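Trainee: The sequence and its predicted three-dimensional model are supplied below.
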Amino acid sequence: MPLIAILPGDGIGPEVCREAQRVLEAVAPGLAFEEAAVGGAGYDAAGHPLPPATLDLAKRSDAILFGAVGDARYDRLDRALRPEQAILGLRKELGLFANLRPAKLFAGLEDASALRPEIARTIDLVIVRELTGDVYFGAKGRRTTEDGRREGHDVMAYAEDEVARIARVAFATAQGRNGRLCSIDKANVLETSQLWRDVVIEVAAEFPEVELSHMYVDNAAMQLVRDPGQFDVIVTGNLFGDILSDQASMCAGSIGMLPSAAIGSGTQGLYEPIHGSAPDIAGQGKANPLAAILSGAMLLRHSLGDEAGAARIEAAVARVIAGGARTPDLGGTMTTATMGDVVLKALA
Ligand SMILES: NC(=O)C1=CN([C@@H]2O[C@H](COP(=O)(O)OP(=O)(O)OC[C@H]3O[C@@H](n4cnc5c(N)ncnc54)[C@H](O)[C@@H]3O)[C@@H](O)[C@H]2O)C=CC1
Ligand SMILES: CC(C)CC(=O)C(=O)O
Ligand SMILES: [Mg+2]
């Protein structure tokens, strides 16, 4: 029986994870679930954001359903003890170097998009974000110089094998879609981006049927709102992908709509909404659980090979959105749990 690790985390993490688990239980009755504390909740329970028992469960599991981590109460702790280190640590420890972040507009959500309806309807893309390198994992430091100035640094670094493997995931993703890949970098300024571009071009020779283009990240941020329909698959580094995917979410209606899959070289993966712990709405039943529910669909597809189950969840979400179900981020008044209820009903 496949084991699913449930790591709800902080803020709205537990609220949205609960709904995603209910949907998974309904669609795939043969799953075993085991829950563990992570992030601020991990620190409170065991003195560390990624307690050994949580990491052990993650390693034993076939797939992980993750909520979100982060809480201002822990911001003054040493970096290693802050909640966000838990998700970075899990990605690194489990070798989950590729993050698939699909962004598409569900029919009926045009009014929630930040774009004009005729432009909003054209967004249907996948951001393939590198997940275990870049400034998040480079050398870091703070110091005070002799003349009393405070300095900080985070090193941006990529090695060619790291770029090649994420490029292969992105080319393969484009192959399975419309065959267009746009690599986004800042090669006019950054050495890492020049290496990135060189390696992506080398890997392109393995995928002659995919049309490759390149774009600077500042232009890409603009093009994403001007004409998102021009993108099929985007491949980019950890930092740029983090930022561009939050931006893409508002083109598709809300950050509460975008799921993600963190995958590596095997079938194990970590599935989470792209959003964070949203402390401003935590505990109020206002969080949109659809990104977490759709992450559950990605879990079935990528880790368990259950395409039918994944498609069933996605169809149910499409049905409730078309029927007018709306949490506050989408302009409605539905609670987190009620949204979970209507998705469960739509599965039937
Ligand atoms: N993977 C993770 O665990 C992530 C953790 N974080 C952490 O989360 C905490 C809060 O970060 P923020 O920058 O505020 O980003 P956030 O994504 O948590 O929230 C940004 C805005 O979007 C709204 N929002 C987010 N998810 C929503 C949902 N499902 N339904 C409705 N509205 C939603 C929030 O209410 C807030 O106004 C920080 O500690 C941050 O480090 C941030 C991003 C990812
Ligand atoms: C802790 C952050 C790196 C998480 C984040 O913002 C993300 O993965 O989208
Ligand atoms: Mg982010």
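Mentor: It's in. Ligands and ions are numbered 1, 2, ... in the order given.
Trainee: gap between the two ends of stretch 128-146?
Mentor: Start-to-end span of stretch 128-146 (Cα to Cα, to the nearest Å) is 43 Å.
Trainee: hang on, I meant stretch 272-292
Mentor: 6 Å.
Trainee: Identify each buried residue in that stretch, please.
Mentor: 272-278, 281-282, 285-292 (16 or more other Cβ atoms under 10 Å). Every residue, glycine included, has its C-beta placed from N, CA and C.
Trainee: Within reach of ligand 1, which of those are there?
Mentor: Counting by Cβ under 6 Å from any ligand atom, Glu272, His275, Gly276, Ser277, Ala278, Ile281, Ala287, Asn288, Ala291 from the buried residues of stretch 272-292 sit close to ligand 1.
Trainee: Using the three-state scheme, assign the fourth one.
Mentor: Think Ser277. With DSSP: H, G, I helix; E, B strand; the rest coil as the basis, Ser277 sits in coil.
Trainee: show me the contacts for it.
Mentor: Ser277 makes contact with Gly9, Asp10, Gly11, Ile12, Gly13, Gly39, Gly67, Ala68, Val69, Gly70, Asp71, Pro83, according to Cβ atoms under 8 Å, 6 or more residues apart in numbering.
Trainee: show me the contacts for the residue of the stretch 101-250 of the chain found nearest ligand 2.
Mentor: In the stretch 101-250 of the chain, the residue found nearest to ligand 2 is Asp242; the distance is 4.7 Å by Cβ to the nearest ligand atom. Counting by Cβ under 8 Å, 6+ apart, Asp242 makes contact with Arg129.
Trainee: How about Leu100, nearest residue that isn't a chain neighbour?
Mentor: On the basis of Cβ to Cβ, 6 or more residues apart in numbering, the spatially nearest residue to Leu100 that is not a chain neighbour turns out to be Ala261, at 4.5 Å.
Trainee: Around that neighbour, count how many other residues there are.
Mentor: 22 (other Cβ atoms under 10 Å).
Trainee: Which single residue in the stretch 51-200 of the chain comes nearest to ligand 2?
Mentor: Residue nearest to ligand 2 within the stretch 51-200 of the chain (Cβ to the nearest ligand atom): Glu84, separated by 3.8 Å.
Trainee: what about that residue, distance to Asp71?
Mentor: Look at Glu84 and Asp71: by Cβ to Cβ, to the nearest Å, they are 10 Å apart.
Trainee: where do the contact lists of these two overlap?
Mentor: Jointly contacting Glu84 and Asp71 under the rule Cβ under 8 Å, 6+ apart are Gly39.
Trainee: what does the chain put close to ligand 1?
Mentor: Residues of the chain lying close to ligand 1 (Cβ under 6 Å from any ligand atom) are 12, 16, 68-70, 84, 87, 255-256, 272, 275-281, 287-288, 291, 329.
Trainee: Give me the subset of those residues lying in strands.
Mentor: The strands, defined by DSSP state E, take in Ala68 from those.
Trainee: now the helices for the stretch 51-200 of the chain?
Mentor: Per DSSP state H, counting those that start in this stretch, the stretch 51-200 of the chain carries helices over the ranges 52-60, 84-93, 117-120, 160-175, 191-204.
Trainee: and of those helices, who's closest to Leu100?
Mentor: Taking Cβ to Cβ as the criterion, helix 160-175 is the member of those that comes nearest to Leu100, at 7.0 Å.
Trainee: so that closest one versus helix 191-204, what angle?
Mentor: 50 degrees (axes from the mean of the first three to the mean of the last three Cα atoms, to 10 degrees).
Trainee: In helix 160-175, which residues are buried?
Mentor: Of the residues in helix 160-175, those buried by neighbour count under the rule 16+ other Cβ under 10 Å are Glu162, Val163, Arg165, Ile166, Ala167, Val169, Ala170, Phe171, Ala172, Thr173, Ala174.
Trainee: so which of the ones next to ligand 1 among the buried residues of stretch 272-292 also contact ligand 2?
Mentor: Applying Cβ under 6 Å from any ligand atom to these, none is adjacent to ligand 2.
Trainee: Looking at those residues, which one is closest to ligand 2?
Mentor: Relative to ligand 2, the closest of those is Gly276; by Cβ to the nearest ligand atom it sits at 6.1 Å.
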